[in-house]
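Chemist: What follows is a protein structure lacking sequence information:
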């Protein structure tokens, strides 16, 4: 147990770093090289801390959701899934959608399912010498990845791992109180706002995200004071704040589809979604799939996430795991290395080796 003088010295050192150097978190991104770029798509090949070339094995592609920045996979050194995969010898790639402008307001879900992700997957496979791609996706990135693989079975996708991706929106308690009001207005409660603004603005997205952990937001100043000697604790808070400050907007049409098709109609829970004049059936997925849910996730509760397991009728394997953490914590919290990342490591090792 650390003695009071040592704790006091550590606290003083941490406060000095926060005041003089602006913080204690190491927010340096994992080194990367841009290998492809297009509308709403920048594809990077990641490398080790010293900049050494990517490993020669099968490629692992990290797919973020919309609105949340791609740094969700690279939160900070020591709590970065990207860093972990690269240091484990995985050939790792990341797609970044960039910012969303008013000019993007007409982009719908099909833009990501038909254009952005298929082009990204093909480019990653080609860059890795034609090897099939292992997708690791968080939240809405998991939904888009599953829809893409179901819609385009010819794509070189070998496995899919979804983390905190909800497929039954009726199981999300955060939105349940609003359903009666939304249905009473014929589903048009939010429609005028996102149409007028052309998007769901980034500041709204950030505030909704924070609202799911309102208790932690309220008590955060007290928690910081109590843990001034815990450098790792302080670094994690700084990294999450940095993540929240970099939220992006949803394109208006995409937000409308998510609102009407996913939230109101709950199409995903039935395993079929109408997009671009055709119906995409999740039963078309024919690759091994890992589904990870967070025990304390308010945005994508375990029941909402676990629903995917029952929809993948043709998948040769569907593995479900429950891990500690909230929506972001289950992906990249301080305990994720020994839980979520271990489940992912085991799944990837089973299908592509160590």
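Modeler: That came through, no problem. For clarity, every value in this text was computed on a predicted model and none was experimentally measured. Numbering: from 1, shown residues only.
Chemist: Show me the strands in the stretch 51-200 of the chain, by range?
Modeler: 59-63, 91-96, 133-138, 157-163, 199-200 (DSSP state E, counting those that start in this stretch).
Chemist: Distance of the residue lying closest to residue 147 once chain neighbours are set aside relative to residue 74?
Modeler: With sequence-adjacent residues excluded and distances taken as Cβ to Cβ, 6 or more residues apart in numbering, residue 147 is closest to residue 113, at 4.9 Å. Every C-beta, even on glycine, is put in place using the N, C-alpha and C of the backbone. Distance, residue 113 to residue 74, by Cβ to Cβ, to the nearest Å: 24 Å.
Chemist: Stretch 289-302: how far from the chain's middle?
Modeler: Distance of stretch 289-302 from its chain centroid, counting by Cα atoms, centre = their mean, to the nearest Å, is 12 Å.
Chemist: Ends of it, what's the gap?
Modeler: 16 Å (Cα to Cα, to the nearest Å).
Chemist: What residues of that stretch count as buried?
Modeler: Judged by neighbour count (16 or more other Cβ atoms under 10 Å), stretch 289-302 contains these buried residues: 289, 290, 291, 292, 293, 294, 297, 299, 300, 301, 302.
Chemist: what separates stretch 162-172 from the chain centre, distance-wise?
Modeler: For stretch 162-172, the gap between its own C-alpha mean and the chain's C-alpha mean amounts to 12 Å (Cα atoms, centre = their mean).
Chemist: Check what contacts that stretch and list those residues.
Modeler: Residues outside stretch 162-172 that contact it (Cβ atoms under 8 Å, 6 or more residues apart in numbering): 136-143, 145-146, 175-176, 262-263, 266, 268-269, 289-294, 297-301, 303-305, 307-308, 311, 327, 330-331, 340, 344.
Chemist: Now the buried members of these.
Modeler: By neighbour count, with 16+ other Cβ under 10 Å, the contacts of stretch 162-172 hold 136-143, 145-146, 262-263, 268-269, 289-294, 297, 299-301, 304-305, 307-308, 311, 327, 330-331, 340, 344 as buried.
Chemist: Looking at residue 195 now. What's its pLDDT?
Modeler: If you check residue 195, the pLDDT there is 49.
Chemist: Residue 204 too?
Modeler: Per-residue confidence (pLDDT) for residue 204: 54.
Chemist: do the same with residue 6
Modeler: Residue 6 is assigned 67 on the pLDDT scale.
Chemist: Likewise for residue 209?
Modeler: Residue 209 is assigned 55 on the pLDDT scale.
Chemist: Which ones among the buried ones among the contacts of stretch 162-172 map onto helices?
Modeler: Using DSSP state H, the members of the buried ones among the contacts of stretch 162-172 that fall within helices are 140-143, 145-146, 268-269, 304-305, 330-331, 340, 344.
Chemist: what's the farthest-apart pair in those residues?
Modeler: 269 and 344 (24.8 Å; Cβ to Cβ).
Chemist: for stretch 79-93, how far is the first residue from the last?
Modeler: Stretch 79-93 has an end-to-end distance of 17 Å (Cα to Cα).
Chemist: now stretch 327-345, how far from the centre of its chain.
Modeler: 12 Å.
Chemist: what does it contact?
Modeler: Under the contact criterion Cβ under 8 Å, 6+ apart, stretch 327-345 has outside partners 72-73, 75, 79-81, 84, 88, 136, 138-139, 161, 163-164, 209, 212, 232-233, 236, 240, 243, 290, 292-300, 319, 321, 323-326.
Chemist: Go again with 7 Å.
Modeler: For stretch 327-345, the external contacting residues (Cβ atoms under 7 Å, 6 or more residues apart in numbering) are 72, 75, 79, 81, 84, 88, 136, 138, 161, 163-164, 212, 232, 236, 240, 290, 292, 294, 297-300, 321, 323-325.
Chemist: just to revisit the earlier point, least reliable of the strands of the stretch 51-200 of the chain by average pLDDT, please.
Modeler: If the strands of the stretch 51-200 of the chain are sorted by mean pLDDT, strand 199-200 sits at the bottom with a mean of 48.
Chemist: Okay, now the unreliable bits of the stretch 151-300 of the chain?
Modeler: Along the stretch 151-300 of the chain, the model assigns pLDDT under 70 to residues 174-225, 229.
Chemist: what are the ranges of the helices in it?
Modeler: Here the stretch 151-300 of the chain has its helices, by DSSP state H, counting those that start in this stretch, at 179-184, 191-197, 202-211, 214-226, 231-244, 252-257, 267-270.
Chemist: So which elements touch the fifth one?
Modeler: If I follow you right, that is helix 231-244. Under the contact criterion of 3 or more Cβ pairs under 7 Å, 6 or more residues apart in numbering; DSSP states H and E, helix 231-244 touches helix 4-20, helix 202-211, helix 214-226.
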